[in-house]
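Asker: Give me a 3D structure for the following:
(chains A and B)
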Amino acid sequence: MAHCERASRPLIQCLQKSSTRGVPSLQLQSTRAFQTTSLVREEAQTEAKSQPFYKNPDPTLVSSPRLERRLMRQGILPVGSRRRRAALQGSANLPFEQLPYQCFQEARKVLHADREEKLKEITATGEKIARIQALPEDERSKNSTLSRLRALEVHLETLKIHADINDPIVKKKFEDGEGDMSKPIYRYLADQKWREYRRKILVQRITQMKVIPDVLPHCDPVLDTKLYFGRKPVPPGEFVSAALSSNPPKLDVQMFEGGEKLVTIAVVDSDVPNVEADSFDFKTHYLAVNIPISATNTKVDLGQLSADSQVVLPWLPPVAQKGSPYHRLSVFILEQKDARPLDFAAVKARETDRDNTLLRTLQARYHLKPIGANLFRSIWDETTLEVMKQIGFPEADMELRRKRVEPLPYKRRNPSTFR
Amino acid sequence: MPTLSMSPVLVSLANVFKIPVSQTTLRPTIALLNQPAKSKPSPPRTQEAKATFSTTRPLLKRKAATPVDKRVTLIRYFLHHPLTPRPLRFSRNRYLRHWTIHRAWQLHQANRRRANQLELQRQWQAMNAACEELRTGAGDGGKLFRKSMIKTGVFRDMFPIEYGRLQTEGPGEGWNHEWTRPEVRR
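Answerer: Numbering: from 1, shown residues only, chains lettered A, B, ... in the order given. Alright, predicted model coming up:
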């Protein structure tokens, strides 16, 4: 008998005399004192009688090493730990909401009553909104009515969240990553979680590395943007080798609001060394417009976007010349105004110059609003030369050096001034 | 010394039950917790002592041991003290049940607070309306209202017994029900 079985035996005996399926030593004392189990359990037992447990072991309940081994030979892995499985043998396996704890059930009643109240309030607010929207046109376009409508809509959103926020099942599902992003409560929870850590890191990186005043004057990220090169996730500000970044990255853009948005995605290098002017230039490595995103449609593969309706400037692999300081490549996601598509042909005809287009200019020209950002860096490494040759980089074999500052000639000081 | 060989659990228990163990150390001393490396017997020390005729280790001689912040020491002391209860560890389902109950309790309290606030608001408004009625509807041009609002000499001689004690929801212990207001001599 396994250790865990021995440990859980008194527990099983206390809880239920009836369940003796997996524990062989308990099968003898199957005198049923009290029957407290549910009917489902009963059916399962009668079913089991037709075929003994050791012939057909259940991977969620098996706890003896011999049966486990047999299951694993069949290619079925037992579920959870042996201790857990042994404990489950003696439990009624009730669903979480029906667990017979008095305080818990009372708490669920309180929460349920509150939820009913909130649902009633939601319908009332919806009716109010419908009434305002049914008003005649001149009445509806008044400022007071508009502000009231807006306030009601915000109230409705908060009510929708408050109706579900106390549900333990919702919390459990969200923690398991099974949340349905089309529902406002899961979006709210995901937003909270993102703002707790990942957004802080992102904002710190883009401000400490001065992307924010350099590339764009201001950005308040409201989208969770994850960057992948190949299948490798890249945390914001990480160095990416040239070979890896020669293929366009994939983005996972998680929106936390309902509805759909059209966005423009731009990748800008803000550290191209300009030797003549002794300064740095910008270079646009990628530009695509009219990309639809929503809370459920999050994956954007920059290499897979359509070339004749979205990609204005295709991906140019970033390379850093030897000796140049690291290049910051910032990925910006800019919302198009009122979710209206831009005229692709006009944009394509106008934005052909990678070197002399600033993202600030684009922002002003097309009324874009930055809502998401990400960042990676590239520096000279051993794979850079190959990538440079592939893309035909003009000065591939050139190394940048700091200008040596000549020391001033030695001058003997006049000893008389020292006195 | 016998106290040094005793376990800290025994020492602290002795301290709790006021059993005199020795005059020097009743609790595990901070100094012991602070420098665990020092108390460890180290074999190279004897070799060093042979090589140079000094009992201090060379590293100790060069610079003093890095001082540990007193707050860190205290946190460590109380965290690892045997009388400190272990942290609460729940299984997943139990934590969720705990969370559910917690949320329900918070909600209940919030509702109670809100009801209390609304009741206070209602009372205040009722009082306000009554005063307004007295001012406008009594037919004496508001004289009665003005008279009733005069506060001169209210708390000059004595002040209400209610203010002699912290105000609570119900009557507290030690309330003197036989007390009556003494005759005011004018």
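Asker: hey, let's count contacts and neighbours off CA atoms from now on
Answerer: OK.
Asker: Please list all residues in contact with the closest residue to residue A:292 other than its chain neighbours.
Answerer: Excluding its sequence neighbours, the residue lying closest to residue A:292 (C-alpha to C-alpha, 6 or more residues apart in numbering or on different chains) is residue A:262, at 4.5 Å. By C-alpha atoms under 8 Å, 6 or more residues apart in numbering or on different chains, residue A:262 lies in contact with A:289-293, A:335-336, A:339-341.
Asker: can you check residue A:223 too?
Answerer: A:253-256, A:371-372.
Asker: Next, give phi and psi for it.
Answerer: Per-residue torsions, residue A:223: phi -110, psi 140 (degrees, to the nearest 10).
Asker: Report pLDDT for it.
Answerer: Residue A:223 is assigned 95 on the pLDDT scale.
Asker: Against residue A:333, how distant is it?
Answerer: In this structure, residue A:223 and residue A:333 are 9 Å apart, going by C-alpha to C-alpha, to the nearest Å.
Asker: who touches both of these two?
Answerer: In contact with both residue A:223 and residue A:333: A:371-372, using C-alpha under 8 Å, 6+ apart.
Asker: in stretch A:214-234, what's buried?
Answerer: The neighbour-count criterion (16 or more other C-alpha atoms under 10 Å in any protein chain shown) identifies A:214-216, A:219, A:221-229, A:234 as the buried residues of stretch A:214-234.
Asker: from the contacts of residue A:262, which would you call buried?
Answerer: Buried members of the contacts of residue A:262, scored by 16+ other C-alpha under 10 Å, are A:289-291, A:293, A:335-336, A:341.
Asker: how about the helices in the stretch 101-250 of chain A?
Answerer: For the stretch 101-250 of chain A, applying DSSP state H, counting those that start in this stretch gives helices covering A:102-133, A:137-140, A:143-164, A:168-175, A:184-196, A:198-208, A:211-214.
Asker: next one: chain B
Answerer: B:2-5, B:8-16, B:30-34, B:36-39, B:44-51, B:58-62, B:70-79, B:92-137, B:143-148 (DSSP state H).
Asker: tell me the most buried of those?
Answerer: helix B:8-16 (a mean of 16; mean count of other C-alpha atoms under 10 Å in any protein chain shown).
Asker: Give the helix, strand or coil label for residue A:373.
Answerer: Here residue A:373 is strand, with the state taken from DSSP: H, G, I helix; E, B strand; the rest coil.
Asker: Render the CA-only coordinates of stretch A:162-176 in CSV, please.
Answerer: The C-alpha coordinates for stretch A:162-176 follow below in CSV (Å, rounded to 0.1, in the frame of the first residue of the first chain):
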residue,chain,number,x,y,z
HIS,A,162,-19.4,44.4,-10.9
ALA,A,163,-22.1,41.7,-11.7
ASP,A,164,-19.4,39.1,-12.3
ILE,A,165,-16.4,40.2,-10.3
ASN,A,166,-17.4,38.2,-7.1
ASP,A,167,-17.9,34.9,-8.9
PRO,A,168,-15.3,32.3,-7.8
ILE,A,169,-15.8,30.4,-11.0
VAL,A,170,-14.9,33.4,-13.0
LYS,A,171,-11.8,33.9,-11.0
LYS,A,172,-10.8,30.3,-11.3
LYS,A,173,-11.4,30.3,-15.1
PHE,A,174,-9.3,33.5,-15.5
GLU,A,175,-6.5,32.0,-13.4
ASP,A,176,-6.5,28.9,-15.6
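Asker: Show me which residues of it are buried.
Answerer: Going by neighbour count (16+ other C-alpha under 10 Å), the buried part of stretch A:162-176 is A:162-168, A:170-171, A:174.
Asker: Quick one: check that stretch for contact with chain B.
Answerer: Yes - counting by C-alpha under 8 Å from any C-alpha of the partner chain, chain B is contacted by stretch A:162-176 at A:166-168, A:172.
Asker: How many residues are close by residue A:363?
Answerer: Residue A:363: 17 surrounding residues under other C-alpha atoms under 10 Å in any protein chain shown.
Asker: okay but it is in contact with residue A:371, surely?
Answerer: No - the criterion here is C-alpha atoms under 8 Å, and residue A:363 misses it with residue A:371 at 11.9 Å.
Asker: Domains in chain B, by residue range?
Answerer: B:2-79, B:92-150 (automatic domain parsing).
Asker: now residue A:199: how far from residue B:161?
Answerer: Residue A:199 is 58 Å from residue B:161, by C-alpha to C-alpha.
Asker: ok, those two, which is more surrounded?
Answerer: residue A:199 (19 against 10).
Asker: Need the per-residue pLDDT for the more buried one.
Answerer: 97.
Asker: now residue A:39
Answerer: 42.
Asker: Ok, the one 3 residues further on next?
Answerer: The predicted local confidence for residue A:42 comes out at a pLDDT of 41.
Asker: so where's the chain shaky on pLDDT?
Answerer: Because you didn't say which chain, this covers chain A. For chain A, the stretches with pLDDT under 70 are A:1-50, A:417-419.
Asker: Hmm, no, I was thinking of chain B.
Answerer: Looking at chain B by pLDDT under 70, you get B:1-5, B:13, B:15-18, B:20-64, B:171-175, B:186.
Asker: Enumerate the residues of it near chain A.
Answerer: B:93, B:96-101, B:103-105, B:107-108.
Asker: Now with 10 Å, please.
Answerer: B:92-105, B:107-108, B:111 (C-alpha under 10 Å from any C-alpha of the partner chain).
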